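Colleague: have a look; sequence and predicted model below, questions after that.
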Amino acid sequence: MASNEQSGWNNRTVSGINLKHLYTPEDISKLDYEKDLGEPGVFPFTRGIHPTMYSKRLWTIRNYAGFGSSEDANERYKFLIKQGQNGINVALDLPTQLGFDSDSPESVGEVGRVGVAIDTLDDMEKLFDGIPLDKIGTAFTINATACVILAMYISVAQKQGVPAKNIRGTVQNDILKEYLARGAFIFPPQPSIRIACDIIEYCLNNTPKFNAISISGHMNCAGAYPVQTAAYMFLHALVHIDELIKRGIDVDRIAPLIAFMTTTKDHFFENIAYVRASRRMWAKIMRDQYGAKDRRSMVYRVALAADTANLISKQPLNNIARLTIGAMACVMAGGQAVLTPCYDEAYAIPSEESARISIMIQHILGHETGLPGVADPLGGSYYMEALTNECEKKINEIMDDINKHGGILELIEKGVIQKQLSKQLYQKQKDIQTGAQTVIGLNKYALEDEDISQYEGKTHKYDNSIHKRQVEKLKKIKLQRNNKKVKKLLLEIEKDLKDDTNIMPSVIKAVQEYATVGEIVQTIKKIHGRFKSPSGM
């Protein structure tokens, strides 16, 4: 007989917030409705950034996808759009993220494996062939090489006859989270911030509908607790805002182009609470600390994702339940876009079947549950409001502590935060191994004789020919392009870096002559070098 003994998050949240078994009016006796909550769409936006939230328009479904060549990924995007996805979120392969072309020795075995391979503008053109960029928004999960990828996207839009001022979407462009979470950085932090701010400044003047930076909560996957993730995200955003203010740009021009993206993490209610707290905090920071007057500057626009770190390869169909619960938290937290990974992502690139199921999870939540009918459905709950207040308190404490010890940039350069997150991630894995944290199907109700091969027929298979095809395509382009002009334009980028001039115009000109991602990155490396994290990441 199965035991009813419980373990996991019963008496505390992931962030270590101690929970009571019952919450009463006394727990929110000091809550001021107008000051602390307000109506949705009204400062401080705790209850949502739009008055009607989802009752008139559902969130954007923008699942992360991309693999193989640009032709392969293009086919998958068209499939997802037919399934009702109304936004594209481009996954790029590791060589593209790290600034290596497909013909580089460092790219062997990784070309098109965990995302689509992009070497030149030709790849970007094929990626969006038949996809009208005036009708669909595109998000790019790219950071170190964001200036090159955005330059290519702008160029493709122009070739489609879509003016830059009309393109919609987001470029992640949050390089600081790469030092803390994924490790896909190239240059040192300070020059990387400079390039990220060049992108934001360019977008302010040329692509006003395009989010120039999406501060990312990937630190969740690297061991950060939800309240830590929120604190790091705010500090990352403020580093960029401070740099742009130094350039003489008003905060009310900068802040409306900043978006956020974060993930749900294990504890259903804390996921909702820390997003609500983040909305309230961002509004206060922008108005009270930075003197913003534009409502759009105070609005915390966030894409929310069910966390892939919660998925496991054992009994993978159980991941559908995990994803549904995570997506519910995203909706109840009030995200503007929701991303649901696929149940097979713990061990493979998603198959068409799993990608379709992932989208259908959101359609079911949007059309069969009644969830969109009421804004902030947990608003006013004794528990939810007490937990939201506690999250805000913890986020503020973490930010104050980091600023007291030199600030986020200094601590990243020294590897202090990276080491802290590594310890926390290790502790989480240890808790799972010992059973202190329950993972169904892994350390509880596991199947000792589970046959994982039953899922192999539905698993996406990596195409080993992609590397060869990509290298041949790149070789052909290099023979056909004007190499003399490319060399001249690369020197122009180098000059702009030395002269502290915004590099985006020269990068755009270079990609339009089919300069490669690797060539542009090598040009920047000449000036700024490559960063080696003191944490060993």
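Modeller: Now that the structure is in, tell me what you want to look at.
Colleague: list the contacts for residue 91?
Modeller: For residue 91, the contact set (C-beta atoms under 8 Å, 6 or more residues apart in numbering) comprises 64, 65, 66, 67, 114, 115, 116, 141. All C-beta spots, glycine's among them, are computed from the backbone N, C-alpha and C.
Colleague: the first one pairs with what?
Modeller: To tie it back to what came earlier, the one meant is residue 64. Note on residue 64: beta-bridge partners residue 89, judged by DSSP bridges.
Colleague: got the end-to-end distance for stretch 255-268?
Modeller: In stretch 255-268, first residue to last residue: 29 Å (C-alpha to C-alpha, to the nearest Å).
Colleague: distance between that stretch and the chain's centre?
Modeller: Computed by C-alpha atoms, centre = their mean, to the nearest Å, the chain-centroid distance of stretch 255-268 equals 8 Å.
Colleague: what's the helix ranked longest in the chain packed up against?
Modeller: Longest helix of the chain, by residue count under DSSP state H: helix 382-404. Helix 382-404 sits against helix 226-246, helix 268-284, with contacts defined as 3 or more C-beta pairs under 8 Å, 6 or more residues apart in numbering; DSSP states H and E.
Colleague: can I get those in a markdown table including distance to residue 260 and mean neighbour count?
Modeller: Shown next, in a markdown table, are those (distance: least, C-beta to C-beta, whole Å; neighbours: other C-beta atoms under 10 Å):
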| stretch | distance to residue 260 | mean neighbour count |
| --- | --- | --- |
| helix 226-246 | 6 | 23 |
| helix 268-284 | 8 | 25 |
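Colleague: report the longest strand in this protein, please.
Modeller: Ranked by residue count, the top strand of the chain under DSSP state E comes out as strand 258-264.
Colleague: and that strand, average pLDDT?
Modeller: Here strand 258-264 scores 92 as its mean pLDDT.
Colleague: check stretch 169-187 too.
Modeller: pLDDT averaged over stretch 169-187 gives 93.
Colleague: once you drop chain neighbours, what's closest to residue 98?
Modeller: Leaving out its chain neighbours, the residue that sits closest to residue 98 by C-beta to C-beta, 6 or more residues apart in numbering is residue 184, at 5.9 Å.
Colleague: so the one you found touches residue 146, yeah?
Modeller: No. If you go by C-beta atoms under 8 Å, residue 184 and residue 146 don't touch, sitting 11.0 Å apart.
Colleague: backbone phi and psi for residue 491, please?
Modeller: phi -70, psi -30 (degrees, to the nearest 10).
Colleague: for burial, what's the neighbour tally of it?
Modeller: Counted with other C-beta atoms under 10 Å, residues neighbouring residue 491 total 13.
Colleague: again with residue 252
Modeller: The tally of other residues near residue 252 (other C-beta under 10 Å) stands at 17.
Colleague: any idea which helix or strand carries it?
Modeller: Element membership of residue 252 [criterion: DSSP states H and E] is helix 251-254.
Colleague: give me the pLDDT value at residue 10.
Modeller: 68.
Colleague: could you do residue 455 as well?
Modeller: pLDDT at residue 455 comes out at 68.
Colleague: thinking again about what came up before, number of residues surrounding the residue nearest to residue 98?
Modeller: Counted with other C-beta under 10 Å, the neighbours of residue 184 add up to 21.
Colleague: can you classify it by secondary structure?
Modeller: What DSSP: H, G, I helix; E, B strand; the rest coil gives for residue 184 is coil.
Colleague: all strands of the chain, in order?
Modeller: Counting by DSSP E, the strands of the chain are 60-61, 64-65, 87-90, 137-140, 169-171, 210-211, 213-216, 258-264, 302-306, 337-339.
Colleague: lowest average confidence across these, which one?
Modeller: Across the strands of the chain, strand 64-65 has the smallest mean pLDDT, namely a mean of 86.
Colleague: what pairs with the longest strand of the chain, parallel or antiparallel?
Modeller: Sheet partners assigned to strand 258-264 using DSSP bridges are listed as strand 213-216 (parallel), strand 302-306 (parallel).
Colleague: which residues are contacting it?
Modeller: Applying C-beta under 8 Å, 6+ apart, the contact partners of strand 258-264 are 170, 172, 211-218, 220-221, 229-230, 233, 237, 240-241, 271, 275, 278, 300-310, 326, 329-330.
Colleague: circling back: show me what contacts the residue nearest to residue 98?
Modeller: Residue 184 touches 94, 97, 98, 143, 144, 178, counting by C-beta under 8 Å, 6+ apart.
Colleague: for these, which one is nearest residue 370?
Modeller: Comparing the contacts of residue 184 against residue 370 with C-beta to C-beta places residue 143 closest, at 38.0 Å.
Colleague: how many neighbours does the closest residue to the closest one other than its chain neighbours have?
Modeller: Nearest non-adjacent residue to residue 143, counting by C-beta to C-beta, 6+ apart: residue 175, 4.7 Å away. A total of 25 residues lie near residue 175 under the criterion other C-beta under 10 Å.
Colleague: can you list phi and psi of residue 175 for me?
Modeller: As for residue 175, its main-chain torsions (degrees, to the nearest 10) stand at phi -70, psi -30.
Colleague: that one contacts residue 147, correct?
Modeller: No. Using C-beta under 8 Å as the test, residue 175 is too far from residue 147 to be in contact (10.7 Å).
Colleague: quickly list what's touching both of these two.
Modeller: In terms of C-beta under 8 Å, 6+ apart, residue 175 and residue 147 are both contacted by the residues residue 195.
Colleague: I'm done for today, thanks for sticking with me.
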